[in-house]
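K.L.:
Just need the structure, nothing else, for what follows:
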Amino acid sequence: MRFLPLAVLIPVSVVMLFSPGSTVPSGPPNSDKLVHAGLFAALAVASLVAGAGWRTAAAALLAYAAVSEVLQDVLPIHRNGDLRDVLADAVGIACGIVLALLLRRFRASLGK
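P.N.:
Next up is the predicted model:
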């Protein structure tokens, strides 16, 4: 059961990151950065819940973020890679890891 959130979020992230540009909803300027941060925060929390160490999760998710932006730039999906999206992803990863570790510590303190 601990893998379920990650098993759901990975395909969701693939759809979000690789849908053709014409299908991506628009919003206020830079609102996509909040979506990127939120998505990668959720992926980070789910990775730690699934049992990954925080360093492994951070490295894998940062690689995924970077590769996804390169692919957006080269695939014929009418999307553009953006370094700012990778930075937003990195912020989300850091926030997700901190949140997961704090929750883990809080739950451990309740068990004492």
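
K.L.:
who are the neighbours in contact with the spatially most central residue of the chain?
P.N.:
Nearest to the mean C-alpha position of the chain, by C-alpha atoms, centre = their mean, lies F40 at 1.6 Å. Residues in contact with F40 (C-beta atoms under 8 Å, 6 or more residues apart in numbering) are 61, 65, 88-90, 92-93, 96. Backbone N, C-alpha and C define where each C-beta goes, glycine included.

K.L.:
mind listing which of those are in helices?
P.N.:
Among the contacts of F40, the members falling in helices (DSSP state H) are 61, 65, 88-90, 92-93, 96.

K.L.:
one step back: check the residue nearest to the centre of the chain and give its pLDDT.
P.N.:
Here the pLDDT value assigned to F40 is 98.

K.L.:
and it, how far is that from G111?
P.N.:
Using C-beta to C-beta, to the nearest Å, we find F40 at a distance of 29 Å from G111.

K.L.:
for L102, same thing?
P.N.:
Counting by C-beta to C-beta - L102 and G111 are separated by 15 Å.

K.L.:
the more surrounded of the two?
P.N.:
L102 (10 against 5; other C-beta atoms under 10 Å).

K.L.:
buried stuff in the helix or strand that contains that one?
P.N.:
In this structure, L102 sits in helix 83-110 according to DSSP states H and E. Applying a neighbour-count criterion of 16 or more other C-beta atoms under 10 Å, one finds 85-86, 88-97, 100 buried in helix 83-110.

K.L.:
Name the pair among those residues with the greatest separation in space.
P.N.:
Greatest spatial distance among these (C-beta to C-beta): D85 and A100, at 22.1 Å.

K.L.:
quick check, nearest of the ones in helices among the contacts of F40 to I77?
P.N.:
A65 (16.9 Å).

K.L.:
Can you give me the neighbour number for that closest one?
P.N.:
With other C-beta under 10 Å as criterion, A65 counts 23.

K.L.:
Can you check what pLDDT the model gives the nearest residue to it once chain neighbours are set aside?
P.N.:
Spatially, and ignoring its direct neighbours in sequence, A65 is nearest to D89 (3.7 Å; C-beta to C-beta, 6 or more residues apart in numbering). For D89, the pLDDT comes out at 98.
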